[in-house]
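Chemist: got a sequence here, can you model it:
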Amino acid sequence: MVDEGKIGQVPDDDEFPGEIIRYDKELDMWVRVKDGIATLGITDFAQSELQAIAYVFLPDTDTEIDRDTEPLGSIEASKTDIDFVSPVSGTIVAVNEPLMKDRKGALVNDTPYTDGWIAKIKLFDPAEIEQLETEGALINAAAYREALLSR
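Modeler: Below is the predicted model of the structure:
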């Protein structure tokens with residue numbers, strides 16, 4: 001089981017007015033949605049498990065991505081290197097360029113939910129978020145905290 005002190009920050013909807021934030025407990029990624037655009041990143045728990053992030057490789061804009069199938073990008077860290085996939089489907093409309101220049105990983109390590117975002121995706125179908133919530137693939141902050149504690 002994960003110690004409660006290792007969970008880190010798990011922001012709720014009220015911290016992002018006008019947006020919803022959901023978590024993929026399998027991928028340890030967060031998704032903030034507003035006006036059909038999903039902003040994605042890794043959770044505070046994920047970045048702490050990776051430890052010092054050295055480099056983030058990001059996809060090209062205008063790339064279409066399907067949920068859970070093809071790599072969205074990768075992270076090089078002191079503990080391991082990982083490929084990560086998108087928890088949603090759509091077209092990449094923006095990537096966080098400063099992440100690729102941030103050789104010390106401070107943006108992801110220090111501010112994973114704000115400055116450390118990875119990509120913005122225009123959802124193929126905004127109803128996908130509701131469907132993924134119904135299926136339990138995307139969960140709210142309280143459920144994500146609970147899922148981490150039960151690991």
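Chemist: surely Glu49 is within a helix?
Modeler: Yes: judged by DSSP: H, G, I helix; E, B strand; the rest coil, Glu49 forms part of a helix.
Chemist: tell me how many other residues surround it.
Modeler: Glu49: 17 surrounding residues under other C-beta atoms under 10 Å. C-beta: built from backbone N, CA, C; applies to glycine.
Chemist: test my guess that it contacts Ser78.
Modeler: No: with contact defined as C-beta atoms under 8 Å, Glu49 does not reach Ser78; the gap is 11.3 Å.
Chemist: isn't Ser74 right up against Thr80?
Modeler: No: Ser74 is beyond contact range of Thr80, at 10.7 Å (criterion: C-beta under 8 Å).
Chemist: which one of these two is surrounded by more residues?
Modeler: Neighbour count, other C-beta under 10 Å: between Ser74 and Thr80, Ser74 has more, with 14 against 10.
Chemist: for that one, give me phi and psi.
Modeler: phi -150, psi 160 (degrees, to the nearest 10).
Chemist: what's the per-residue pLDDT of it here?
Modeler: pLDDT for Ser74: 92.
Chemist: that one: what's it in contact with?
Modeler: 56-57, 81-84 (C-beta atoms under 8 Å, 6 or more residues apart in numbering).
Chemist: the residue nearest to Ser78 when sequence neighbours are not counted and Glu70, how far apart?
Modeler: Spatial nearest neighbour of Ser78, excluding adjacent residues (C-beta to C-beta, 6 or more residues apart in numbering): Ala52 at 4.2 Å. Counting by C-beta to C-beta, to the nearest Å, the gap from Ala52 to Glu70 is 27 Å.
Chemist: counting neighbours, what do you get for the residue nearest to Ser78?
Modeler: 13.
Chemist: can you pull the contacts of it?
Modeler: By C-beta under 8 Å, 6+ apart, the contact list for Ala52 reads 77-79, 104-105, 109.
Chemist: residue contacts, the closest residue to Asn96 other than its chain neighbours?
Modeler: Spatial nearest neighbour of Asn96, chain neighbours left out: Trp117 (5.3 Å); criterion: C-beta to C-beta, 6+ apart. Neighbour list for Trp117: 32, 39-41, 96 [criterion: C-beta under 8 Å, 6+ apart].
Chemist: tell me the pLDDT at Trp117?
Modeler: Reading off the model, Trp117 has pLDDT 94.
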